[in-house]
Structures are given as structure tokens and as C-alpha cells.
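Visitor: pasting a predicted model and its sequence here:
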There are 4 protein chains.
Amino acid sequence: MAAALVLRGAAGSLLGRGRRQGAGQAGLAAACSRSMASKTPVGFIGLGNMGNPMAKNLIKHGYPLVIYDVFPEACKDFKDSEQVVASPADVAERADRIITMLPTSHNALEVYTGPKGILKRVKKGSLLIDSSTIDPAVSKELAKEVEKMGAVFMDSPVSGGVGAARAGNLTFMVGGLEREFAAARELLECMGSNVVYCGGVGTGQAAKICNNMLLAISMIGTAEAMNLGIRLGLDPKLLAKILNMSSGRCWSSDTYNPVPGVMDGVPSANNYQGGFGTVLMAKDLGLAQDSATSTKSPILLGGMSHQIYRMMCAKGYARKDFSSVFQFLREEENL
Amino acid sequence: MAAALVLRGAAGSLLGRGRRQGAGQAGLAAACSRSMASKTPVGFIGLGNMGNPMAKNLIKHGYPLVIYDVFPEACKDFKDSEQVVASPADVAERADRIITMLPTSHNALEVYTGPKGILKRVKKGSLLIDSSTIDPAVSKELAKEVEKMGAVFMDSPVSGGVGAARAGNLTFMVGGLEREFAAARELLECMGSNVVYCGGVGTGQAAKICNNMLLAISMIGTAEAMNLGIRLGLDPKLLAKILNMSSGRCWSSDTYNPVPGVMDGVPSANNYQGGFGTVLMAKDLGLAQDSATSTKSPILLGGMSHQIYRMMCAKGYARKDFSSVFQFLREEENL
Amino acid sequence: MAAALVLRGAAGSLLGRGRRQGAGQAGLAAACSRSMASKTPVGFIGLGNMGNPMAKNLIKHGYPLVIYDVFPEACKDFKDSEQVVASPADVAERADRIITMLPTSHNALEVYTGPKGILKRVKKGSLLIDSSTIDPAVSKELAKEVEKMGAVFMDSPVSGGVGAARAGNLTFMVGGLEREFAAARELLECMGSNVVYCGGVGTGQAAKICNNMLLAISMIGTAEAMNLGIRLGLDPKLLAKILNMSSGRCWSSDTYNPVPGVMDGVPSANNYQGGFGTVLMAKDLGLAQDSATSTKSPILLGGMSHQIYRMMCAKGYARKDFSSVFQFLREEENL
Amino acid sequence: MAAALVLRGAAGSLLGRGRRQGAGQAGLAAACSRSMASKTPVGFIGLGNMGNPMAKNLIKHGYPLVIYDVFPEACKDFKDSEQVVASPADVAERADRIITMLPTSHNALEVYTGPKGILKRVKKGSLLIDSSTIDPAVSKELAKEVEKMGAVFMDSPVSGGVGAARAGNLTFMVGGLEREFAAARELLECMGSNVVYCGGVGTGQAAKICNNMLLAISMIGTAEAMNLGIRLGLDPKLLAKILNMSSGRCWSSDTYNPVPGVMDGVPSANNYQGGFGTVLMAKDLGLAQDSATSTKSPILLGGMSHQIYRMMCAKGYARKDFSSVFQFLREEENL
């Protein structure tokens, strides 16, 4: 969901890093092909919907890969050219830079610290970059274990969906030692157009979680305000226009409006197909909730938003875009 | 609070009406002075903090006024040049265009339908413009009574505070018969830089209420997200930057950030002095709640935001800017 | 819904008034028939589902009635024996004790203060008892108007549904002048088994609203706790038993448990048929919300409960018993 | 807080087990002293405010103890008569029945699975009873590890505070293999008057969490309803009476009313001193939130209650009884 998570237009002007990278893409590619012979293999673990196109972008930039996925079929695409191995430990034996892209905290723990995990055979000085979206507390825990082995861990969750992964314009939010950031960026820029350094380990996850929580809140707020206005007799397009020139303006009102008929090219114009699924938003809000509980941070609207997306999942909205909360609120009485 | 309620920069490009009006301001002023002699008196009822400077802007544009306020001292400023009368009915006897600016629905009912109210002596064809922020259902009720007398009613609440009222750049959101809008705009443009037609009677109120509800929600959401991020180790300025280039972006994060030290020139940079008071936000959310209850519109986050601002009023935040919700959430345990 | 709103067993021991009344029912009936000849007519306005059986219980106790309903058919049952008149004003002309039982605040205002309303011809000293469930602020307004005419107004909403109305064991919560309470009780005891004096005008409504708000909150809470426990592996009956011997105990857990299979003879045992409809609970919560907004009382859970019942109405639960919130929460993902 | 968590009066009639146990207390004590000579040592880990009096009740019933606490001073009281050892592993070496009473999930993990933890030297067939209040998911994890060593794990959190711990009338909610329940009960009945079997491992925690979540919800609901009623003109005592004879009745309204002046002998009568601290309620709600998030159970009011108690901790209520939410809501505007 490229559109859903980052405003490309704005990005360049705000983060010079993004713009420079964009401008230098062609030059970089050239440099890559020149130095290809000397490039050492990169490990990649987790070749699902997101991991698969990410890995292919690394190959395009000239990196030989050592890959592993718990489901062997996930590696089929790669069999001819790349080394497919039998465990995360095997990856760690053959590559000193590894990227992991896994669905849950539990999977990440298994891949790093499990009996056949990376840490069983990681080399000193290796760079381990986890692009999974998981609990920042788990990221910190992993970092501690990795450090014990003399290696380096960075969390680097992404914004942008499968489309952005294919196009190579994901955003990466990176947490870890600042002195290692350049090394991480070298790889991440093959897969993304924005690579943002956020601070110490776990801050990449934290930034993503905070953004998505605020996104969920303002999307529900936009849906409530639009629905109330319509019931009070306002034309939806006119109301959106007024909000967008006023203090109610937000990404959910001006770029991704949830009301059918207000904007083109967004999920609300297409029966809420595509975009960022409600079930994924519910997952991210669960992580926000966990982080808030453990840091004792009050999140009154964030917690309520989590419950609303949870309810929606139970009511048949799991696979629809998260802007379908407008539809969820709107359903008329006496169905 | 001009800054707090409307983004001036964006306004012109979004609402052509606003831009044309802005460009034509000089021309309009010229036209005004030419026709001044022929200008008929305009009634103005309610000369408080907002009404006072609004009335003065009408005078500047050459309109003689007939004024009334329930507190006689409120009319002192005007005594020399304008007619001060003893009741709303007296205003209606001497002016066929009347603007009212009152604090509550109750006051509006009294001024229009009370025993000495406007309707006791309103002339046929009069134009009555209510700029109070009140329940849209009350606006509709008033319109019905006004119509019975052969006159015309429009609701026209404002965005922008005392500063904008003085500078003459309020935003008016106008509901009523479209064919009367030009007549209303002639007067309103003397006091504001944006005059937006919203639809039938009550839609002006509806637009304002919906905007402010969404504003409240996204402000609290921004405060929660910033606070959570800080507790998770993120630098506040960096977090704001990331949100503002991402899908969490909103007016509260990019123009009026509630965290001290992130932006200059906003209430959070000045101990939450100035701006839009928490008690006023609580009032507007009460109107949103009433409208939602009567139209049976679900406002889960809007209702919760109402309660949060209500709690803040009870905890000493009534006079602080509404962005102080960040401070409210942040107060540490074990005070 | 007798069972749903008052615990009969407990009532006697807590409110002596209730018990004495119950014990003396036979004696009272005897007294009634003795003095029947001298009984003066009682007015009754609003003969819907509730008003119809209430009026009939007055007749059983020997009171001749003067009746009116906006829908003439509602008076058919009564035509032979009672006077059916053409307006509330006509009722007021012929009876100096009047009971009103109306669906909304709006209807109550019309019946009392409308162009053919009671107040057009009310006699001095008349006793006007409103058993509608409406906004306490409206009750107070009506009382003021009634008082101006030299008559007496009391609000007296009921607990208990159509069954209790038929059986004559409603609960009345009465607000008004204490010295007039005995006169009101004489009539109300013909229709109910508990007549509770609550204080000045509006406190009857206030008591009902507060009870039903707390009921809504604890019902949703019970549904959430039972659902969470079941998902964590607890047997529902055992969990209910544990809650009911512990501090989680409430009427919703021990008398009206929302989980099918836990109790017999409650709506959850009958697919949520019967009982107290979700749409009625949503109405009462709307009144609670209005009262809380106007008195600036924070109701965080009460407001949220209002929104939840509002959502349920929009999702097909309007006619089901309000304990169906368990079902609403429980629906599984991936329907 | 004996009173706060279990209604003693009701308990006996609902759970035969409780009553029988109560009745047989004297007989049991006799049996205990007879068999004392043959009693084997029991391990006890965690001798804080709760653990200390619990351990002493075991001694009173004739059990020799092997004790450990991470703070050596916590064992001083016991030095003469009992064996104080240097680690959980040492306890496991000398006792085949062990009770643990620890503040957090983290501590429990350390004590069981840490480098000097119980599992390092636990004997086959040992019975390990954890009375800590922790995440049921952690209980299940511990049970799995314990089972691998051929031993038995039961979770057995308590209701009732320090007073109940001293008096030996705690309530234990026990999860684990049913065939081992009798063995656990033998020990637990030395410390409590109710020992309730809840089902498989984790259900003891689940029952406690669900009860306390419902308690929090109904306490806040009671506080909101009482506060709203008072603002609407009702006398607090009368309102409590009405609620308690109606469907709003709950433990928080009839046994532990949060409004000062309504009841004697409860924290609200004593400036919210004593009772069950707000910070402890916030902790339990955090566990409820975690369990709900991981089982994807919607807890709209439970989640909101968590946030409210979290806010209260940040506003100076951490050490007050959790019924002080009434005071928190009530604080007047314009302090």
C-alpha cells in the first residue's frame, strides 16, 4: 500500500535522504553492476508476499542471496540462481548480512533464537536487519541476544504494501546503532525509496506503530465526521472540501477519503478492495496496545480504535481496506 | 484563533470563492465607499468578544448599525455613531438585515422568539443571519419560525477567534436558501475572508461541528501517538517529522503540534496559553454529541473525545489551549 | 419487562413502602370498591402498549376515565364505559387528575403546551402526572409551565414492561413536591407495586436514567468478561458462578446472564427474544447522554455504552433484548 | 482486601466446596496436628506482603518450610525454624511441593526457568503451585516447561488482600490437571477459605482477570451513575437504594459504594484509604488487555476502564482505593 502509508510528494521535501536517494537511483544501479563481482552474499529469511519482491530487488541490484523460508515452496522462484538452505542457522553460516521479514513476534523469536536459529551459527560482526513489524520490546530482546554473539541487530519495519515492495519504493524506519546505519542503508535502498534513521534499537518499530495508531484514529474520526455531516444534510464532497481547508484536515480526509464518491483511485471508490486490510490494521493496533500497556502510556482513542478494528474483523470486514470503517458505521438501522 | 481553525494558505486554492473574494477586496472597498450614502442600517445583536469587532468591521465598510446587547455596557463603544436600542424587537423594527452573535442555543431562542424578540416586529423580507455556534436543530427551528413571518433565516457560524474577528478574516460557513446567499455574503465579506455556502439551513452549523469534532479527535490522537513514541524512546521532533511525511499526518501534527519544543509559534510553545480554549472545545463537542444523538449517528471516538475534554475542564485545563491534552496525558505517575 | 428492571424479591426488604403496599393490596382493593361511587374521573392521555393496560388497571380500581390518544383507534377498547374526548385540553376540562404516558419529550411538550394542550384548559389545583420517560430538563420545563397555571406537575417514569403494566406491578419513580406525593401514590398504586419518592421535579426521570445507564454498562461489561473468559478456556456456567460469588457480581451476571446456556427463563435462553429491546436501551442512553452533556457530568463508560447500543441498532439487533450484546461481541472472525 | 474481592456471605451458598471447608476447619486443624510428624517440607518462594502471612499459615498447619526470596531480609522472620536457602533451585532440591507468590510475569519466568530456577533441580512428580497474578499465557508456558521435567504445574491466583492472607481466608482460583486438584487443595486450604477449581492450566488466572475486569467496569459505571444522579438533584443515599433494588444493582453499588456518606466501613467512608489500590487494579486490567489482545476478544469497556485507571495513576490516585474513581470524575471545574 504505497499510497496508504507515505505521501510521496511530501516525503522528498521533508527528508532530504529520500530525495537524494531518488535522484541518484540510476547512478547507484550503475555502481551496483560495476561492483557486482565483488558483492558478498546476503541472507534473506521469509519470502512471503512482501519478502519475495524485496529479495528480488536485492538480486536486481547485484546481490547474490542465501535464502530460507519455513515453507519450501516459497523458495521455488529463486531456485536456479540462489542458494536455498535448510535453516536460519545455515543462512547465518553462509552470509554475514541477513534480512528477515516475518509475520509475528513469535516467528522472529524462533528464527533468531530457536534451535536452528540464526544465533546458533552467526558470525562475529554480522549485520542482522529485521524488517518484520513486531513488538519493539521483542526487537530489543533480540538485539541483546545478537549483541552477546558479537553481531549487530537493527529493526527496520516497512511502510508500503506489496505494490511498493515490487516497485522498490518502500519506506524503512530503522532503529539501531547509528554507526551501522550506513551499512544497513546500502541494502535497504535497493528495496525502498525512503530509509529513515529513528534512533536506538526498537525505535523503527515504535515509529511505525505510532504512525499507524494515529492513522487508525484519524481514519475513524474522518468516517465519523463525514457520516455525521451527511446525516445533518451536508453534501459529502463539499464537506470533505471544507474539512480539507480547515483544522480537521488529515491524510484520511484529503488523500484517502473513506466516503465513496468523494475521491477517485482510493479503496472507497472500489468497494474497499485493495489497500491496507482491516485485519492488518487490527494487528498493528494490538502492537500499539501492548507497547502502551507495558510503558503505562494512556491511549484512550488508540485503545478504542483497536477495539473498533477488532469488532470489524468479527463482522466480515477483515479483508476490506481499513477505510471501510465508514461503511461499518453507516449501515442503516432496520437492515 | 485564526490559525487554529482554518489553514489560510490552503484555503484560496481549494475554494475559489475565497480566492476571488480576497483578490477583489480592494475593489469591493471602493464600491463600498461609493455607495455608502445609500447603505441602509444593519442590525447587530450580541456585542461580546466576537460580536464587538465584527460589528466594527461592518461600520468600517460603511454600514450604519442598529445594535442591542442584553448587557448595556457592551454597547458603550458604539454610542456616538450608532443607534442603541432596547430590545431585539426594536432592532427588527429599524433594520431589515440583522446579524446575531450569541453564546448559546438558549440565548438564540430568546433573542428570536422571546417576548421582546426579533420575531415580534420583524419586517417581511428581512434577512436574519445567525453567526452563533448552536445546535443545528435549533437553527432549523428558528428558520421555520422566521419563515412563518415572511422573512429569511441563515445560519452562519464562524471559524477563527477574536484575532480573526478584529482582522476581518473570519471564515463563515453558511446554511440557508441558495438564492439568498449573495445577499448574506455582501455583509459577511466585510467581516471574513472565506464565506462558504454549505447547503440548506443548519448545514453551516453542521460543517463547523463536524470539523471541530474531527479536530478534537486528531488532536487527542496526535497527543497519544507522540506521547507513546516518546516513551518508546523516539525524539519528539523526529517523530513529528516521520508522522508528517506519512499517513498519520494531520493539521494537529503538522501545523499545531501539541508537544512543547516541536514547533514555534503555537500554544504548546507557550505553556498552552492563547489559542482555542479547552472549555470551548468541550462546548462544541457537546453540540456534536447532541446532533449525533438526535440523528442516531455513531460517534465512538467523537463521544470519547467529548468526555476527555470534559474531564480536562474538571482538572484545571479549562482555560488552556485544547492542545494541552498532551500535557494532560503525560503527567507522570507518583506526582 | 418486570424482571429486567426491578428485582422483586429484594425490593420489599429494601423499600418498606413497597412491602407495605404489597401486603395491603387486598385491603386497598376493598377500600376502593367501597368508595367507588364517590371517585371522580381521572384523565389518561397516551393509550399505547404501556398506557392501555395501565389505564385498565385504574378502571379496575374503580376510577372512571376521561381518555385521549392522538390515534383514535387506541381508544376503541374503552369506548363503551369511558369518555373519549378530542384533545388533551378536553381531558383537562373534565378531570383534575391526569396521567400522561407518551413516547418522547417532543410528544410530552405537545400534549402539555401545544395549541390544544392540557394547559389551555387546566383547572387550578389539578394534579398532572407524567409517566413518560423523557429528558429531566423537559420535565422541569413542563413543571414550570404547569405551576404558572396554579396546577401541580410530577414526573413518574416506570420500570417494568408491558407484562408488568398488565399485572399492575410496575415501579414508579416519582419526582415533585413531597406534600403532593400521597395524592399521586393513590393513583400510581393501582398500577404498580413500588412507588418510590425520589425528590423534586425531574428526579424520577433522573433515577430511571441513572439506573438504566448503569444497567447498560454492567450488561456490556458482563458480556465482555464472559466472552473473554470463554476464549481463555473457562466453562461459562462455572465462570458465572465465580463472578456471582465475587466482586464482579451484578444483576446482569446473576439474574439476567447474557450467555446462552447459563440461565433459564431469560432472553439469552430464548435467542434474545422478549425482554428489553436494544432500541429502547439506546433511547434511554440517549437521554442519559443529553443529561450528562447539559450538566457537564463525565460519563466515559456511559457514553461508550450509548454508542455500542447505537451500533447494534444499525447492525440488526434493534428488536433483540439488550443482553444480545454478548452475541454482538462474540461473532467470530472470517464469517 | 477480603471484602473487596469476595462476598463471604454469598460464597458458602454458591460453592459447596467453600462451605464444607469452612465447616470442617476445626476438624482439619485437628487432623493436621495429628499427622504433623510425618509432614514433608513445603517450598515457598516470594515472601512479600502477601507471601509472608501465607507462609506462616502453612507453618501453623504443621508444614515445615524451605523458603527463598530474592531479598534476603524478607526471610528474617522465618530464620529460626525454617530452612532458608539461596535460590529457587535449592528449594526444588529439598521440597517436592512448592508455592510461588511473585509480583510479575517476568519474576515468575525467572524463578521457574532462570539459571538458578526451580526447573534446574526439580524432582519428578513435584507439585508446583503459582499463586502470582500473571498473564495466563505465561502460566501455560510455565506449565509446558514444568511438564517436560515430569512435574506438575498449577496456577492459583488469590482474591483477598493482606488482611485475608493473615486471616487465612483468601480465595484461590485454581487451574491445572483435575486429578491433582486434591493435592493442591490440601495446601491451599491452610491459607484460604475458598478453593475453586476452574479448569485446565491458566483458567485460574483467567477467572481472576475476568472478575477484576468486570469489577472495574461496574465500579466506574457506579461512580458515573451516582455522580450524574447527584448532579441531576438526587440524594446519594436514596439513589443507591433505588439502584440496589433495581437492575443497576452490583457489588460496587450495594457492598462497596464509592460515594462518601452512602455506606460505612468501606474505603469511600475513609478518604479512600485501604482497600484495593488503583495501581493494582491498573495492573490487573493490563493483564486483561493483554489476554484480550492475544485472543482477539473485543473489550470495549474493559479497555476503556484500563485507560481510566491508568490516567488515575498519573493523576495522584495510584495509592488510593480503586473506588476513588468517583472522586476523580467528580472534581469540579474551575479548581
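Guide: Here it is on my side, so go on. Residues are numbered from 1 along each chain as shown, chains lettered A, B, ... in the order given.
Visitor: correct me, but A:P298 touches D:C313?
Guide: No - contact criterion CB atoms under 8 Å: A:P298 and D:C313 do not qualify, at 9.2 Å. Backbone N, C-alpha and C define where each C-beta goes, glycine included.
Visitor: show me where the stretch 1-150 of chain A has its strands.
Guide: A:42-45, A:65-68, A:83-84, A:97-100, A:127-130 (DSSP state E, counting those that start in this stretch).
Visitor: of those strands, which stretch is the most buried?
Guide: strand A:42-45 (a mean of 28; mean count of other CB atoms under 10 Å in any protein chain shown).
Visitor: ok now it, how far from the chain's centre?
Guide: Distance of strand A:42-45 from the chain centroid (CA atoms, centre = their mean, to the nearest Å) equals 18 Å.
Visitor: summarise which helices and strands that strand is packed against.
Guide: The contact analysis (3 or more CB pairs under 8 Å, 6 or more residues apart in numbering or on different chains; DSSP states H and E) places strand A:42-45 against helix A:51-60, strand A:65-68, helix A:88-94, strand A:97-100.
Visitor: strand partners (parallel or antiparallel) of it?
Guide: If you go by DSSP bridges, strand A:42-45 pairs up with strand A:65-68 (parallel), strand A:97-100 (parallel).
Visitor: which residues of the stretch 151-300 of chain A lie near chain D?
Guide: Within the stretch 151-300 of chain A, the positions near chain D by CB under 8 Å from any CB of the partner chain are A:282, A:286, A:289-290, A:293, A:296, A:298-300.
Visitor: how close does the closest residue to A:V122 other than its chain neighbours sit to A:T113?
Guide: Of all residues not flanking A:V122 in the chain, A:A92 sits nearest, at 4.4 Å (CB to CB, 6 or more residues apart in numbering or on different chains). As judged by CB to CB, to the nearest Å, A:A92 and A:T113 stand 12 Å apart.
Visitor: was I right to think A:A55 contacts A:F44?
Guide: Yes - contact criterion CB under 8 Å: A:A55 and A:F44 qualify, at 4.6 Å.
Visitor: where do the contact lists of those two overlap?
Guide: A:65, A:67 (CB atoms under 8 Å, 6 or more residues apart in numbering or on different chains).
Visitor: now pLDDT, neighbour count and secondary structure too, for the residues of the stretch 151-300 of chain A next to chain D, in CSV please.
Guide: Below are these laid out as CSV (pLDDT from 0 to 100; neighbours: other CB atoms under 10 Å in any protein chain shown; DSSP: H, G, I helix; E, B strand; the rest coil):
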residue, pLDDT, neighbour count, secondary structure
A:A282, 96, 26, helix
A:G286, 95, 21, helix
A:Q289, 95, 26, helix
A:D290, 94, 21, helix
A:T293, 93, 23, helix
A:K296, 91, 16, coil
A:P298, 93, 26, coil
A:I299, 95, 29, coil
A:L300, 95, 28, helix
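Visitor: look at A:M154 and give its secondary structure.
Guide: strand (DSSP: H, G, I helix; E, B strand; the rest coil).
Visitor: for it, name its beta-bridge partners.
Guide: Counting by DSSP bridges, A:M154 is bridged to A:I129.
Visitor: and it, how far from chain B?
Guide: Relative to chain B, A:M154 is positioned 14 Å away (CB to the nearest CB, to the nearest Å).
Visitor: wait, that residue touches A:E178, no?
Guide: No - applying CB under 8 Å as the test, A:M154 and A:E178 come out as separate, 10.4 Å apart.
Visitor: neighbour count: the two, which is higher?
Guide: Ranked by neighbour count (other CB atoms under 10 Å in any protein chain shown), A:M154 and A:E178 place A:M154 first, with 27 against 10.
Visitor: any idea how far A:L58 is from chain B?
Guide: Counting by CB to the nearest CB, the gap from A:L58 to chain B is 24 Å.
Visitor: meant to ask about A:D290, not that
Guide: 11 Å.
Visitor: right, and that residue touches D:L287 too?
Guide: No - if you go by CB under 8 Å, A:D290 and D:L287 don't touch, sitting 11.9 Å apart.
Visitor: any idea of the pLDDT on A:A37?
Guide: With respect to pLDDT, A:A37 has a value of 44.
Visitor: circling back to that earlier point, now for the residues of the stretch 151-300 of chain A next to chain D: which two are most distant?
Guide: Pairwise distances across those (CB to CB) peak at 22.6 Å, for the pair A:A282 and A:K296.
Visitor: so where's chain A shaky on pLDDT?
Guide: Within chain A, the ranges that satisfy pLDDT under 70 run A:1-38, A:79, A:332-335.
Visitor: show me the domain layout of it.
Guide: For chain A, automatic domain parsing gives the domain ranges A:2-201, A:207-329.
Visitor: how about a markdown table for those, with distance to C:I99 added?
Guide: Listed next are the domains of chain A as a markdown table, based on distance: least, CB to CB, whole Å:
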| stretch | distance to C:I99 |
| --- | --- |
| domain A:2-201 | 59 |
| domain A:207-329 | 36 |
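Visitor: just these: most buried one?
Guide: Mean neighbour counts for the domains of chain A (mean count of other CB under 10 Å) peak at domain A:207-329, with a mean of 24.
Visitor: ends of that one, what's the gap?
Guide: One end of domain A:207-329 to the other measures 29 Å (CA to CA, to the nearest Å).
Visitor: that domain near chain C anywhere?
Guide: Yes - for domain A:207-329, a contact with chain C is found by CB under 8 Å from any CB, at A:279, A:304, A:311, A:313-316, A:318, A:329.
Visitor: for the stretch 151-300 of chain A, what spans make up the strands?
Guide: A:152-155, A:158-159, A:170-175, A:192-199.
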